[in-house]
Structure formats: C-alpha cells, structure tokens
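J.: For reference, the sequence and a predicted model appear below.
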Amino acid sequence: MNKASILGLFAIFCLLNFEIKSQPVSKSNQPNFVLIFIDDMGYGDASCFGATGYTTPNIDKLAARGMRFTNFYSAQPVCSASRAALLTGCYPNRIGINGALFPDANVGINPSETTIAEMLKQKGYATAIFGKWHLGDAKEFLPLQHGFDEYCGLPYSNDMWPMDDLGKPAEKEFRRYGLPPLPLIEGNETKELITDLKGQDKLTTLYTEKAISFINRNAGRPFFLYLPHTMGHVPLGVSEKFGGKSKYGKYGDVMMEIDWSVGEIVKALEAKGIADNTVIVFTSDNGPWLNYGDHAGSAGGMREGKGTNWEGGQRVPFIVAWQGKVPAGTICNQLGCAIDILPSFAEVAGTKLSENKIDGVSLVELWKGNSEAKPRTELFYYYGRNNLNAVRKDDWKLVLPHTWDSYDTIPGNGGMGGPRVRIKTVNPELYNLMRDPGEQFDMAAFYPEKVAELMITADAARKELGDLNVGIEKGVGTRESGKLNK
C-alpha cells in the first residue's frame with residue numbers, strides 16, 4: 001500500500017472517530033422522575049400559593065408549565081411517617097412507621113416493602129437521594145438498602161443533635177441533651193459531623209450540586225432523583241447567597257434558596273435536553289411548625305400546623321410538570337395524597353406495583369387534564385402511634401374526638417420554639433372544606449346524615465388500619481416495620 005493510500009485511510013479513520021465522539025449522548029424513551037420534597041413547608045409558602053415578603057419565581061414557573069393541586073395532602077403531619085408513606089404508597093401506620101424516628105432507632109422500612117426506587121429499578125432506572133432520609137439511621141435501613149444507587153444527606157431531622165434552638169450546646173434540662181453529633185452521610189458511611197449552624201447553612205446548595213451532578217452523569221438513561229431538602233425545618237440554615245435577602249426574615253431567605261435550587265435542577269435538565277421527558281413533582285412533607293414563629297412558614301389560612309390533623313397540618317403545596325403531557329398553567333381541585341405518587345409513577349413508567357397492598361391510587365388521569373376523573377374520594381387522617389383523628393369524603397371532613405397540641409397561643413421568636421396548648425375535641429365535628437377550608441364552622445348539627453355516612457368510612461378505616469382512640473391497636477391490614485437484628 002502506497003503512502004497516499006495510507007494517508008487516505010488515516011483521514012477516513014479520523015473523520016469517523018470525530019463523528020462518533022461528537023454524537024450527543026443517547027437519551028432514553030423512558031421518562032425521568034424528579035421528586036422535590038420540602039421539610040415543614042406550609043400551604044402558603046410559595047408565591048403561586050400566596051406567599052408574601054419574598055418571591056419564588058422558579059417554583060412559580062414550574063407551576064406555570066404544569067399543574068397545581070389545591071387539595072393535596074401529606075399522609076401524616078410528621079417527618080418519618082410522611083416519608084414512609086411517600087416512598088411506599090401506603091398509609092404509614094399500615095407498614096408500622098409512626099412519628100419522627102430519633103437517632104439509633106431500632107425500626108425502619110421493612111425490606112419486604114417496595115419503595116419508589118426499588119419499583120423503578122425494575123425498568124433499569126438509576127436512582128439517587130440527596131437530602132433528609134429519616135427512615136432509620138442503622139445501615140440496614142439507609143437508602144442504599146432500599147433501592148437507591150447514591151445517597152448523600154442527613155439520616156434524620158437537623159434538630160436531632162446536642163444543641164439548643166439557637167445552636168448552642170444543650171444543657172441537661174433541654175430535650176435534645178445527650179444526642180449524638182449530626183452526621184452527614186454519603187453512601188453508607190459518615191462523611192463528616194455537623195457541629196454548628198454554619199455546617200447547616202451549606203446543605204441546600206450541597207444537595208443541589210449533588211443532584212445536578214447525578215443528572216449530568218445519567219442523562220442518557222432513565223433516572224429517579226429524590227431531593228428531600230432538610231430546610232425549612234428548624235434550625236434554619238441558609239447560604240451567604242440568600243442570607244438577609246427576604247422581607248420575611250430567615251425563613252423567607254430559606255425559601256428563596258429552595259426556589260433557587262428548583263431553578264438549578266430545571267436548568268440542568270434543559271441543558272441536557274431531557275426536560276421535556278422528565279416528570280417533576282414538588283411538594284412538602286407536612287405543614288409549618290408554627291410555634292417557631294418567625295422561623296416557621298405559613299399554613300395559608302388553614303387551621304393549625306404540623307403535628308395536627310387540621311388542614312394546616314396536612315394540606316400542602318403540590319405541583320407536577322411534564323412537558324406535553326400535563327396541561328400547562330392548570331389547577332386541579334381534586335383530592336390527592338402523597339401515597340398516590342408511587343402508583344402514578346408506576347403507571348407512567350410501566351412498572352409493576354408491589355404484591356403488598358398499598359393505599360395510593362394513580363393520579364395520572366388528573367395530571368393529563370381529565371377534569372372528570374376522581375381517582376381519590378376519601379382520605380384518612382392518622383397521627384401518633386395509630387390514632388384516626390379525622391376522615392374526609394369528597395368535600396366533607398369529619399373530625400373525630402381526639403386530643404391535640406394546638407398552636408393557639410403566643411409563638412416563639414428568633415429561632416426559639418414557643419409553647420403549645422393541649423386541646424380536646426369531645427364530639428365529632430363536621431366541616432365542608434369547599435366552603436370552609438379554615439375549619440371554622442362545625443356543621444354536624446345541620447347534617448346528621450353526613451356525620452353518619454362519614455362514620456361508616458371511619459369504621460372501615462378502623463377495621464383495616466386500627467384506631468387507638470377507640471382501643472383498636474392494629475387493623476387487619478397492618479404489617480410490621482423493619483426491626484434491627486440484635
């Protein structure tokens with residue numbers, strides 16, 4: 001072969017090699033899922049839900065490109081229970097999870113339960129969580145043992161450390177005295193210990209950067225990104241980028257940084273050309289922790305807040321965006337719950353649901369704009385170890401006799417928590433949530449037939465899931481949580 005032939009072949013090889021290298025990363029036909037879960041964000045804490053004193057332009061843009069729900073609920077108004085429900089599609093008391101798990105908890109999600117991550121891995125999805133887990137801090141309960149490929153974040157709430165409300169070492173009489181330092185975990189190992197408030201200031205940006213890296217590395221395959229932010233749980237942490245930026249104080253600063261994070265995630269998806277093929281869900285784990293006053297959010301006119309089964313405790317903001325599938329700029333007034341996210345993702349991805357009974361229903365018909373669809377007509381309001389405190393059917397809510405810690409007193413200020421007052425509801429109370437979302441007017445005396453109808457719904461829930469208020473510890477449909485092997 002002469003020199004000219006060799007040079008010609010070399011030129012062809014170089015051209016082909018350049019074309020191969022310059023080809024864009026192939027994209028999956030399977031839709032991606034991004035689930036952004038905020039801590040203690042109230043119904044009224046985004047501009048598109050009525051917030052004032054600061055703006056959330058990126059959250060608002062997400063709502064403008066998708067659908068905003070006005071009757072969406074967390075499954076329970078407290079951290080661990082609401083997260084267990086979100087990831088398994090079950091009422092948390094069905095799977096034995098209640099309250100907020102503390103460090104060294106001996107329970108977590110049972111390995112026999114199927115999480116969203118495990119479900120999507122059936123279809124080859126890459127999975128990651130960056131943020132607050134709060135479903136057990138023992139290794140066997142951490143995310144990598146429940147379907148996630150990557151994890152970086154706190155294993156429980158950021159106030160579960162040996163500090164007081166102002167970030168100073170807790171004295172013996174303080175409720176968190178003696179707790180271990182706050183671990184930032186990567187994979188299954190502690191990456192560092194967070195020992196002061198400055199360590200918490202970096203969390204929202206850290207999670208966002210980890211999320212963007214995950215998107216960039218997995219743009220050519222289907223993925224599930226779960227981003228459960230630590231904020232706005234107290235103690236509040238915010239980076240220098242947003243410190244002092246809002247008229248609302250530190251909580252407003254935190255919300256502005258969360259909004260920035262949403263914008264950065266969307267920009268990363270757009271830069272990879274996969275935004276149109278990604279389902280983005282934005283919601284909160286429960287309502288605001290109102291006794292923290294200026295360090296808490298807003299329930300948007302709803303009654304009470306976190307830790308109660310009144311609307312302010314469980315009705316939360318919810319946005320879903322999916323280009324070309326979810327009608328842009330729409331509002332849905334139908335009933336939805338966090339337990340409905342798993343079956344909705346399953347329908348979109350074409351995956352199989354767990355053989356275990358779940359409580360969620362798919363909302364996909366609503367997401368597509370079918371205003372006639374009513375996938376959910378009932379909701380059970382559980383709290384505590386297993387107390388059924390209310391039931392909803394269509395627009396009517398029956399509040400059952402129970403005791404709760406009310407925020408109807410002077411709140412704390414400057415990061416200090418204020419007191420709460422113990423209140424008891426003696427008789428069933430009936431509210432029409434269409435006319436009275438603030439639950440101010442008890443209509444039980446006017447509609448006894450509606451009270452009787454909803455009591456039938458309550459009795460069915462008690463039989464299936466239990467109700468300690470009436471002495472039923474467990475229902476016939478409950479399952480055991482995961483337990484540590486000691």
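T.: Done, it's in.
J.: drop to CA atoms for contacts and neighbour counts, all remaining ones
T.: Will do.
J.: avg pLDDT for stretch 363-374?
T.: For stretch 363-374, the mean pLDDT works out to 96.
J.: and if you look at stretch 62-81?
T.: Mean pLDDT, computed over stretch 62-81, is 98.
J.: Please save the CA atoms from that stretch in CSV.
T.: The C-alpha coordinates for stretch 62-81 follow below in CSV (Å, rounded to 0.1, in the frame of the first residue of the first chain):
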residue,chain,number,x,y,z
LEU,A,62,-42.8,25.1,37.4
ALA,A,63,-46.5,25.6,38.2
ALA,A,64,-46.9,27.7,35.0
ARG,A,65,-45.5,24.8,32.9
GLY,A,66,-47.6,22.2,34.8
MET,A,67,-50.4,21.7,37.2
ARG,A,68,-51.0,23.0,40.7
PHE,A,69,-53.2,21.0,43.2
THR,A,70,-55.2,22.8,45.8
ASN,A,71,-56.4,19.8,47.7
PHE,A,72,-53.2,17.7,48.1
TYR,A,73,-52.2,16.2,51.4
SER,A,74,-49.2,14.6,53.2
ALA,A,75,-50.1,11.2,54.5
GLN,A,76,-49.4,12.2,58.1
PRO,A,77,-48.3,15.6,59.5
VAL,A,78,-44.9,14.5,60.8
CYS,A,79,-41.5,13.6,59.3
SER,A,80,-40.8,9.9,59.3
ALA,A,81,-44.4,8.8,58.9
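J.: Flag every buried residue along it.
T.: For stretch 62-81, the neighbour count (16 or more other C-alpha atoms under 10 Å) marks 62-81 as buried.
J.: Now intersect those with the strands, please.
T.: 67-73 (DSSP state E).
J.: now these in CSV, with distance to G147?
T.: Listed next are those as CSV, based on distance: C-alpha to C-alpha, whole Å:
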residue, distance to G147
M67, 28
R68, 29
F69, 28
T70, 31
N71, 30
F72, 26
Y73, 25
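J.: longest helix of the protein?
T.: helix 250-271 (DSSP state H).
J.: so after that helix, what's the next helix or strand?
T.: Per DSSP states H and E, the first helix or strand lying C-terminal to helix 250-271 is strand 278-284.
J.: Quick one: list the elements packing against that following strand.
T.: Packing contacts for strand 278-284, counted by 3 or more C-alpha pairs under 8 Å, 6 or more residues apart in numbering; DSSP states H and E, involve strand 32-38, strand 318-321.
J.: for the next helix or strand after that strand, which positions count as buried?
T.: For strand 278-284, the succeeding helix or strand toward the C-terminus, using DSSP H and E, is helix 311-314. By neighbour count on 16+ other C-alpha under 10 Å, the buried set for helix 311-314 is 311-314.
J.: Helices along the stretch 1-150 of the chain, start to end?
T.: Along the stretch 1-150 of the chain, the stretches classed as helices by DSSP state H, counting those that start in this stretch are 3-22, 57-64, 79-88, 116-121.
J.: So what touches the second one?
T.: Defining contact as C-alpha atoms under 8 Å, 6 or more residues apart in numbering, one finds that helix 57-64 is touched by 46-48, 259-260, 262-263, 319-321, 328-330.
J.: Tell me how many other residues crowd T115.
T.: Neighbourhood size, T115 [other C-alpha atoms under 10 Å]: 24.
J.: ok, it touching T88?
T.: Yes: the pair T115 / T88 is scored as a contact, 4.8 Å apart, by C-alpha atoms under 8 Å.
J.: Lowest average confidence across the helices of the stretch 1-150 of the chain, which one?
T.: Minimum mean pLDDT among these: helix 3-22, a mean of 44.
J.: got the residue ranges for the strands in the stretch 51-200 of the chain?
T.: 67-73, 107-108, 126-130, 150-153, 182-186, 189-194 (DSSP state E, counting those that start in this stretch).
J.: wait, which of those strands is closest to N432?
T.: Closest to N432 of the strands of the stretch 51-200 of the chain is strand 67-73 (C-alpha to C-alpha; 13.0 Å).
J.: show me the contacts for W396.
T.: By C-alpha under 8 Å, 6+ apart, the contact list for W396 reads 430-434.
J.: now it: how far from G369?
T.: Counting by C-alpha to C-alpha, to the nearest Å, the gap from W396 to G369 is 24 Å.
J.: before we move on, what about T55?
T.: Distance from T55 to G369, by C-alpha to C-alpha: 27 Å.
J.: try F69
T.: F69 sits 12 Å away from G369, going by C-alpha to C-alpha.
J.: Also I258?
T.: Distance, I258 to G369, by C-alpha to C-alpha: 28 Å.
J.: Pick out whichever of these two has more residues nearby.
T.: Neighbour totals were compared for I258 and G369, and I258 leads with 25 against 17 (other C-alpha under 10 Å).
J.: Make sure that one is actually in contact with T204.
T.: Yes: here I258 reaches T204: they are 6.9 Å apart, a contact under C-alpha under 8 Å.
J.: Mutual contacts of the two, please.
T.: Overlap of the contact sets of I258 and T204 (by C-alpha under 8 Å, 6+ apart) consists of M231.
J.: E480: how many residues sit nearby?
T.: Around E480 there are 16 residues (other C-alpha under 10 Å).
J.: contacting residues around the residue lying closest to it once chain neighbours are set aside?
T.: Excluding the flanking residues, the one nearest E480 by C-alpha to C-alpha, 6 or more residues apart in numbering is G96, at 5.2 Å. Contacts for G96 were tallied using C-alpha under 8 Å, 6+ apart; they are 478-481.
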